[in-house]
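Participant: Here's a sequence, model it:
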Amino acid sequence: MARGPIEGRIMVVAFEGWTDAGDAASGAVRKLIEACHLEAFDEIEPDEFVDFALHRPVIRTLEDGTRALQWPSTIAYAPTLPSGRTSLAADAGLDVSTGNEGELFALVGAEPSRNWTAFAAEFLEIAKGCEIDAIVFVGSMLADVPHTRPISTSVSSDSHELRARLGVLQSEYEGPTGIMTVLGLLAQEAGIQTASLWASVPHYVHNAPAPKAVVALLDRLSEMLDVTIPLGDLPEQAGEWERGIDEITERDDDMRAYIGKLEEQRDAVESPEASGEAIAHEFERFLRDQHGKPRPRGDDEPGDDAPPV
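Facilitator: Numbering: from 1, shown residues only. Reported below is the predicted structural model:
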């Protein structure tokens, strides 16, 4: 099979929480929603699934001066472009087009903290109702990588057809896992192809949004989905993010030396002598080490969903 983008109706999924280091995964999917003019058409209510101590509701002041709560729900989005196919979001007044951009759906929200089986059932009901052919799960993880190098991304798939089309491997990871892996395996059982896209975010800046990682994810998504996603001012934000970290590290000799070692390791891995198989094995080893001897992390650091290779 010739390599190329994913075909058919595709849903792109990201969750805020452990699988969203630097807010990169949710930020990338929200940018996709904006660029493709997707509109909300369904929602997974949070009460049964979300721990509000981890994902607190937000109070906002509306234009009329009243104050309102915004709950950490999971929202599904559908295309608004004209469609040659029967509308699958008729209740919301949405149409789906036959073009690739008009075949994109999205789902983004707070990572569920409990009742994963029931959450998965609602998730699959939405996917089946939209006749989704493939799901791309997007995540970002904290890793031992330098901010001074391009943000690395990796893709894997449990679908033989998608592996052949995208030219990627199946993850060999075994160990504790998270909601995206659960949803991915159940979707595969339901006949929906799945792929996972991950970005690595420097662990020493985990408390700040990472626009450089958002750009890296959007670049990879553009290739996988065959859509154009305008980046707007994200490249400028990424440059400011990198310069800001540079200014901090200039005043810290230990941090500067540590980042230098990370740069050496990254350059060695990306050298012509390093084969793809060697890189894959090294990445899997790193993941196993993190589960065995976890680094102290913030509440938002991904730790149990295994990023692919």
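Participant: Find the residue closest to residue 114 in space, skipping its chain neighbours.
Facilitator: residue 49 (6.3 Å; C-beta to C-beta, 6 or more residues apart in numbering). The way it works is simple: take the backbone N, C-alpha and C, and place the C-beta from them, glycine included.
Participant: ok, now residue 38?
Facilitator: residue 77 (3.8 Å).
Participant: so that neighbour sits in a helix?
Facilitator: No: Residue 77 is assigned strand when assessed by DSSP: H, G, I helix; E, B strand; the rest coil, not a helix.
Participant: What lies in contact with the host helix or strand of residue 218?
Facilitator: Element membership for residue 218, per DSSP states H and E: helix 211-225. Contacts to helix 211-225, defined as C-beta atoms under 8 Å, 6 or more residues apart in numbering, come from residues 5-6, 10, 12, 21-25, 27-28, 31-32, 100, 104, 136, 138, 140, 147, 150-153, 155, 166, 195, 197, 199-201, 227-229, 231, 234-235, 237-238, 241-242.
Participant: Can you go through these and name the buried ones?
Facilitator: Among those, those classed as buried by 16 or more other C-beta atoms under 10 Å are 6, 10, 12, 21-25, 27-28, 31-32, 100, 104, 136, 138, 140, 147, 151-153, 155, 166, 195, 197, 199-201, 227, 229, 231, 234, 237-238, 241.
Participant: Tell me the pLDDT of the closest residue to residue 212 other than its chain neighbours.
Facilitator: Once flanking residues are discounted, residue 212 sits nearest to residue 238: 3.9 Å by C-beta to C-beta, 6+ apart. The model reports residue 238 with a pLDDT of 95.
Participant: Can I get the host helix or strand of residue 238 as CSV, trimmed to CA atoms?
Facilitator: Assigned by DSSP H and E, residue 238 falls within helix 234-250. The C-alpha atoms that make up helix 234-250 are tabulated as CSV, following Å, rounded to 0.1, in the frame of the first residue of the first chain:
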residue,chain,number,x,y,z
LEU,A,234,2.5,30.2,17.2
PRO,A,235,6.0,30.2,15.6
GLU,A,236,6.6,33.6,17.3
GLN,A,237,5.3,32.3,20.6
ALA,A,238,7.6,29.3,20.2
GLY,A,239,10.6,31.5,19.7
GLU,A,240,9.7,33.6,22.7
TRP,A,241,9.3,30.4,24.8
GLU,A,242,12.7,29.2,23.8
ARG,A,243,14.4,32.6,24.4
GLY,A,244,12.7,32.8,27.8
ILE,A,245,14.2,29.5,28.9
ASP,A,246,17.6,30.5,27.6
GLU,A,247,17.5,33.6,29.8
ILE,A,248,16.7,31.5,32.8
THR,A,249,19.4,28.9,32.1
GLU,A,250,22.1,31.5,31.5
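Participant: would you list every one of the helices in this structure?
Facilitator: 24-35, 116-129, 160-166, 179-189, 211-225, 234-250, 253-269, 276-292 (DSSP state H).
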